[in-house]
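J.: need coordinates for the following:
(2 chains)
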Amino acid sequence: MNQQDITGEIRKYIEKNILDASVKIDVHTDLKSAGIDSFSTVEIILFIERKYGVSIPDNKLVPENFKTIQALAATVLELMP
Amino acid sequence: MPSFNKALLPEKVILSGADCFHLVLDKHALKHGAGGNVMRKVFYFSKPLSFEKIDGLLKSSAVIYWLCNIKLHEGMIFQKPCWQYSDRGREIIFRQHHVTTENEIPAGIRTRDITIRSERFIEADLVTYPSGACAFVLSWNHILLDAKGTTLLFEHLNQLSENKQQNIDLFFPAPGKKTGIITHIRNMYKVKHFVQDSARPPVFSVAEKKMKSEEGVTAVKVISFNSEETKKINDNAFKAGSRFGPTLYLIACCSHVINGLGKQKNKSGDFWLPVPYDGRLKGANGPLISNCVSFLFYRIPQAALTNVGQTVKLLSTQMMDQIKAGIPQRYSMFLDMMRHVPLWLYYFLVSKTGKGVFASFLYTSTGDNFNNLRSLFGEPIRDINMIPALTFPPGLTFVFLKHDDELSVNIAYSPDIITYDDLDLIEQKIKQTLLSDH
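T.: You can find the predicted model right below:
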């Protein structure tokens, strides 16, 4: 699985489950500015852990890693075996 | 000024499950003599505002007009409660006051009740001060607007002052999705057990056994932090393990302060805190009307109140577990189902769960909703305060509000249970706890 596949899946999840249909995002959009709050970030993390079988350690739970879909996908890829 | 077509306003809006929960809180307020379920937002300006201009803007708002021309129809078994609109030609009441003490909000505004039987569910006031500064105060019954709805209302007022057209459809809730009865029953069973377990008595309450407010008033104390202190609080939150914003850290610090106050009075016990959770899809521009909130429920035993980091860790685990189990969505469905229950029975069931204790204290935060709201009616805002509705018991509510990167804690309390000495202690300890290295 490459980073492009992961960004696509995370984006699809966020668009379908978290964001209002009126909000348009791409992989570089600042998720906080798009309306993603702390609870939604937790939902995204739980999706990632479920989908990719990874556990995000405390040292990776930093705002930079959740800033954009691109950053999230890079974190997932780094953690995947 | 943009006009609107009154014929497009909805004649009937069904109350959400969370709205109906507010009907229960209203009943609770009446029974316990509290100050009413009224929210107030105060915007301070350094320069005078034109009363006539604001009056015109408020009267040109479709949603404000609707709020002044509705009546509650209480539900019965198998009939959900709803707001019935009919055009009675009632406009918002907007009053002007001249006050000699800077920043003071007259008691007449602070104590004015807006009940579910009132003719209008929203009112506005303009307070002017000798320096030329002024405050715009908007008051409304909490049954109709939640925190996000309020943010959307002020965005709407700004759009009016920019002469933008009003999209009436965005103001009102869309019809809810239908869910099968079996799913509802299964869900109710799960939620009932979860809430009963997390709220099981004994629960520590600042109100102790005092269940009736003698004075029936809401007092407010605002503690402000500058931008450097706010940054320090955010850094402390992160270091303490609050990884997704400072919320859990703020809840933990409040719990430690109230626990300290309790210990001084030889009271202790498990803390139980229902914390609101916005159920709208993120980035949505509506609905403005109705409460779209659910709750996360935190239970903090005394053993987890040794240090702040430990409390944050426990809260974090409880938050993750509840989001994983879909508790906010399930609780929302549960509240929707409770709309079919007669109000007296609903009230009995809610009161029975915690033996009359709704929470140890109440916590809410406007998050970043008002952080970037720099102007209203085209004029720069100097400061924003909030006077929240006060549920009694517990009779103590903390509202965290961030504006212009500066955090403030708006503490609403009942003088029946929080004395001036208590308040001094709370102020001192809140500052100390939030700003300390943990």
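J.: in PDB, list the C-alpha atoms belonging to the helix-or-strand element of chain B with minimal mean pLDDT.
T.: Lowest on mean pLDDT, DSSP states H and E among the helices and strands of chain B sits helix B:343-353, with a mean of 72. Provided in PDB are the C-alpha atoms of helix B:343-353 (Å, rounded to 0.1, in the frame of the first residue of the first chain):
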ATOM      1  CA  LEU B 343     -42.300  15.300  30.400                       C
ATOM      2  CA  TRP B 344     -43.100  14.400  34.000                       C
ATOM      3  CA  LEU B 345     -41.900  10.800  33.500                       C
ATOM      4  CA  TYR B 346     -38.800  12.000  31.600                       C
ATOM      5  CA  TYR B 347     -38.000  14.300  34.500                       C
ATOM      6  CA  PHE B 348     -38.500  11.500  37.000                       C
ATOM      7  CA  LEU B 349     -36.200   9.200  35.100                       C
ATOM      8  CA  VAL B 350     -33.400  11.700  34.700                       C
ATOM      9  CA  SER B 351     -33.600  12.800  38.400                       C
ATOM     10  CA  LYS B 352     -33.700   9.200  39.600                       C
ATOM     11  CA  THR B 353     -30.400   8.300  37.900                       C
END
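J.: strand partners of the helix or strand following it, parallel vs antiparallel please.
T.: Remark: after helix B:343-353, the chain's next helix or strand is strand B:362-365, criterion DSSP states H and E. Applying DSSP bridges, strand B:362-365 is found paired with strand B:396-403 (parallel).
J.: off-centre distance for the strand it pairs with?
T.: Distance of strand B:396-403 from the chain centroid (C-alpha atoms, centre = their mean, to the nearest Å) equals 9 Å.
J.: pLDDT of it, averaged?
T.: The pLDDT scores in strand B:396-403 average 94.
J.: now do stretch B:98-107
T.: 95.
J.: and if you look at stretch B:54-66?
T.: For stretch B:54-66, the mean confidence score works out to 96.
J.: tell me the helices and strands packed up against the least confident helix or strand of chain B.
T.: If contacts are counted by 3 or more C-beta pairs under 8 Å, 6 or more residues apart in numbering or on different chains; DSSP states H and E, helix B:343-353 sits against helix B:17-32. (Glycine included, C-beta is placed from N, CA and C.)
J.: buried stuff in the helix it packs on?
T.: B:17-29, B:32 (16 or more other C-beta atoms under 10 Å in any protein chain shown).
J.: now render these as CSV, adding pLDDT and distance to residue A:24.
T.: Formatted as CSV, the buried residues of helix B:17-32 follow (pLDDT from 0 to 100; distance: C-beta to C-beta, whole Å):
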residue, pLDDT, distance to residue A:24
B:17, 90, 31
B:18, 91, 29
B:19, 92, 31
B:20, 90, 35
B:21, 86, 34
B:22, 87, 34
B:23, 85, 38
B:24, 82, 39
B:25, 79, 38
B:26, 79, 40
B:27, 78, 44
B:28, 75, 43
B:29, 72, 43
B:32, 70, 48
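J.: out of those, flag the one nearest to residue B:97.
T.: Taking C-beta to C-beta as the measure, residue B:97 lies nearest residue B:29 of those, at 25.3 Å.
J.: hang on, the earlier thing: in a markdown table: the buried residues of helix B:17-32, plus distance to residue B:63.
T.: What follows is the buried residues of helix B:17-32, written out as a markdown table (distance: C-beta to C-beta, whole Å):
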| residue | distance to residue B:63 |
| --- | --- |
| B:17 | 21 |
| B:18 | 18 |
| B:19 | 16 |
| B:20 | 21 |
| B:21 | 22 |
| B:22 | 18 |
| B:23 | 21 |
| B:24 | 25 |
| B:25 | 23 |
| B:26 | 21 |
| B:27 | 26 |
| B:28 | 27 |
| B:29 | 25 |
| B:32 | 31 |
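J.: which of the residues you listed sits closest to chain A?
T.: residue B:18 (15.9 Å; C-beta to the nearest C-beta).
J.: list the contacts for the closest one?
T.: B:146, B:279, B:290-294, B:332, B:335 (C-beta atoms under 8 Å, 6 or more residues apart in numbering or on different chains).
J.: cool, and residue A:41?
T.: A:31, A:66, B:244-245.
J.: still on that earlier bit, in the least confident helix or strand of chain B, what's buried?
T.: Those would be B:343, B:346-347, B:350-351, B:353, for helix B:343-353 by 16+ other C-beta under 10 Å.
J.: how about the residues of chain A that lie near chain B?
T.: Counting by C-beta under 8 Å from any C-beta of the partner chain, chain A comes close to chain B at A:18-23, A:32, A:34-43, A:46, A:58, A:61-62.
J.: buried subset of those, written for ChimeraX?
T.: The ChimeraX command for the buried members of the residues of chain A next to chain B (criterion: 16+ other C-beta under 10 Å) is given here:
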select /A:18,19,23,32,34,35,36,37,38,39,40,41,42,43,61
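J.: looking at the residues of chain A next to chain B, which are in helices?
T.: Per DSSP state H, helices hold the following members of these: A:38-43, A:46.
J.: out of the residues you listed, flag the one nearest to residue B:401.
T.: residue A:38 (16.1 Å).
J.: any idea how far the least confident helix or strand of chain B is from the middle of the chain?
T.: That offset, for helix B:343-353, works out to 21 Å (C-alpha atoms, centre = their mean).
J.: same question, stretch A:69-77
T.: 7 Å.
J.: what residue in the stretch 51-200 of chain B comes nearest to chain A?
T.: Counting by C-beta to the nearest C-beta, the stretch 51-200 of chain B gets nearest chain A through residue B:170, at 9.6 Å.
J.: which residues sit in contact with that residue?
T.: Residue B:170 touches B:285-288, counting by C-beta under 8 Å, 6+ apart.
J.: related to what we said a few turns ago, closest one of the contacts of residue A:41 to residue B:420?
T.: For these, the nearest to residue B:420 is residue B:245 (32.8 Å; C-beta to C-beta).
J.: quick one, what contacts the closest residue to that closest one other than its chain neighbours?
T.: Spatial nearest neighbour of residue B:245, excluding adjacent residues (C-beta to C-beta, 6 or more residues apart in numbering or on different chains): residue A:38 at 3.7 Å. Shown in contact with residue A:38 (C-beta under 8 Å, 6+ apart): B:244-245, B:247, B:367.
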